[in-house]
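Engineer: predicted coordinates and the sequence they were generated for:
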Amino acid sequence: MSIFAQVKEALGGIFGRGLSEEKRMEVEVLFGLIGFLAKSDGLITSYEAEYTNKLLDALELNLDGRAVAMGAYDQGRTQGYDVESNATRFLAKYPAGSPEMEQLFDSLLRLALSDDRVYPRERQALERVSDAFGVSHKSLDQRLALLKH
């Protein structure tokens, strides 16, 4: 199964085929964090751009959903993006440890590993995201190691 089929399977329950108003927050948080992580090392690589585009396709978002996703992605790339408040928004609906939170976190780890390595500034960004979602750095290391294989 391809990485995008896995992400679609994992996140499909959150997004479905279109974008209802109640799902807007999930799209905004996911793609904002994707933008944040992609830009964290100063350069959005072709691997990260390809991952984002394939994820958009795999989630089968309608035009409105794509516009929301890309707006959030652009917002995430800006200096001062508020990781913590966006994590709090997500956790208010999907508590720490919930399948939805785990799936979102897993998709972010897959993005970071899309070029088969995690650069130091990406690592710092992942630690910030981990802290915001209540995931220990030890657990972060274990999850990254599992996904590398």
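Structural biologist: Received the coordinates, thanks. Residues are numbered from 1 along each chain as shown.

Engineer: ok, now which ones touch the residue nearest to the spatial centre of the chain?
Structural biologist: Centroid check for the chain by C-alpha atoms, centre = their mean gives residue 108 as the closest residue, at 3.7 Å. Residues counted as contacts of residue 108 (C-beta atoms under 8 Å, 6 or more residues apart in numbering) are 33-34, 37, 126, 129. For glycine as for every other residue, the C-beta is placed from the backbone atoms N, C-alpha and C.

Engineer: closest to residue 102 among those residues?
Structural biologist: Of all those, residue 102 sits closest to residue 129, with 13.2 Å by C-beta to C-beta.

Engineer: distance of the closest one from residue 67?
Structural biologist: Separation of residue 129 from residue 67 (C-beta to C-beta, to the nearest Å): 24 Å.

Engineer: now do residue 142
Structural biologist: When distance is defined by C-beta to C-beta, residue 142 is 36 Å away from residue 67.

Engineer: kindly report the same for residue 31.
Structural biologist: Taking C-beta to C-beta, one finds residue 31 at 11 Å from residue 67.

Engineer: between those two, which has more neighbouring residues?
Structural biologist: Legend: neighbour count by other C-beta atoms under 10 Å for residue 31 and residue 67, higher for residue 31 (26 against 13).

Engineer: give me the number of residues near residue 143?
Structural biologist: When neighbours are defined as other C-beta under 10 Å, residue 143 has 18 of them.

Engineer: burial count for the nearest residue to it once chain neighbours are set aside?
Structural biologist: In space, not counting the residues next to it along the chain, residue 143 is nearest to residue 109; the distance is 5.7 Å by C-beta to C-beta, 6 or more residues apart in numbering. Using other C-beta under 10 Å, the number of residues around residue 109 comes to 21.

Engineer: now do the helix or strand where residue 68 lies: everything it contacts.
Structural biologist: Residue 68 is part of helix 63-76, with elements assigned from DSSP states H and E. Contacts with helix 63-76, where a contact means C-beta under 8 Å, 6+ apart, come from 15, 18-19, 23-24, 27-39, 52, 56, 59, 61, 81.

Engineer: I'd like the next helix or strand past that helix.
Structural biologist: Proceeding C-terminally, helix 63-76 gives way to helix 83-93 as the next helix or strand, assigned by DSSP H and E.

Engineer: okay then, goodbye and thanks.
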